[in-house]
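Novice: what's the 3D shape of this:
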Amino acid sequence: MKPLTLLPLITIAIFFTSCDAVFTGNHITDSTTDLLREELTGAWQAEDGVIQIEFDEGGRGHFASMEWEEDRFEISQSRFQALQVKGTTILTIESPDEEEDGFFLTAVREAENDEMHAFAPRVKVFAELVETSQLEGEVEKGRHTTQVIIDDAGRVIADTPLEELFNFEKKLVLKRIVPLESED
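Specialist: Take a look at the predicted model:
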């Protein structure tokens with residue numbers, strides 16, 4: 001996998017596993033529900049960056065961040081869809097790498113104190129499901145990386161306990177940035 005310049009939610013998707021990743025051939029849903037849009041919309045502090053999340057009229061999520069690189073600001077952006085499954089929000093995030101087909105798979109859970117926690121998929125579990133023909137897809141193993149490309153994340157998400165599919169022990173903390181109230 002080429003180094004990615006797109007930080008925010010892509011960081012969530014690959015943060016825990018270096019360049020190991022699970023991709024799905026389609027979005028988890030066609031449109032993110034109004035309730036999820038409300039929960040996710042806003043600015044979020046993640047590690048050293050800030051992510052701004054908004055939704056278009058069709059229910060597709062968009063995120064952007066700004067980073068300082070090579071003496072100038074670089075804006076990074078991508079699109080995603082989100083679906084609430086058993087108290088966990090599953091995200092399918094469009095890859096910024098034009099050579100990659102499919103969408104990064106990751107999970108987030110709302111937490112206390114205006115926080116959201118992001119979790120990477122258990123790549124080895126997805127690879128085993130593909131290798132044992134329990135899930136359609138392919139496994140690409142590099143010297144130091146594994147990428148699993150599955151046809152449809154929806155079925156495996158619905159049929160398998162999420163604790164088996166995502167590493168809920170290791171999280172990336174996103175803290176909501178609450179705008180200051182102006183004095184009128």
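Novice: Quick one: the helices in this structure, in order.
Specialist: Remark: helices assigned in the chain by DSSP state H are 8-14, 34-40, 123-131, 153-159, 162-165.
Novice: buried residues in the shortest one?
Specialist: Buried residues in helix 162-165, counting neighbours by 16 or more other C-beta atoms under 10 Å, are found at 162, 165. All C-beta spots, glycine's among them, are computed from the backbone N, C-alpha and C.
Novice: Show the average pLDDT along that helix.
Specialist: For helix 162-165, mean pLDDT is 96.
Novice: which ones are touching the residue nearest to residue 45 when sequence neighbours are not counted?
Specialist: In space, residue 45 comes closest to residue 175 once its chain neighbours are excluded; the distance is 4.5 Å by C-beta to C-beta, 6 or more residues apart in numbering. Contact partners of residue 175, counting by C-beta atoms under 8 Å, 6 or more residues apart in numbering, are 44-46, 113-115.
Novice: Now a ChimeraX select for only the buried ones of those residues.
Specialist: Selecting only the buried entries of these in ChimeraX, with 16+ other C-beta under 10 Å as the criterion:
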select :44,46
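Novice: ok, now how distant is residue 19 from residue 163?
Specialist: 24 Å (C-beta to C-beta, to the nearest Å).
Novice: for this protein, longest strand please?
Specialist: The single longest strand within the chain, with elements called by DSSP state E, is strand 72-85.
Novice: from the chain's centre, how far out does it sit?
Specialist: Taking C-alpha atoms, centre = their mean, to the nearest Å, the mean C-alpha location of strand 72-85 is offset from the chain mean by 8 Å.
Novice: Walk me through which strands it pairs with, and which way each runs.
Specialist: Paired strands of strand 72-85, with direction, are strand 61-69 (antiparallel), strand 88-94 (antiparallel) (DSSP bridges).
Novice: Mind putting these into JSON lines with mean neighbour count and mean pLDDT?
Specialist: Output for the strands paired with strand 72-85, formatted as JSON lines (neighbours: other C-beta atoms under 10 Å; pLDDT from 0 to 100):
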{"stretch": "strand 61-69", "mean neighbour count": "16", "mean pLDDT": "85"}
{"stretch": "strand 88-94", "mean neighbour count": "23", "mean pLDDT": "93"}
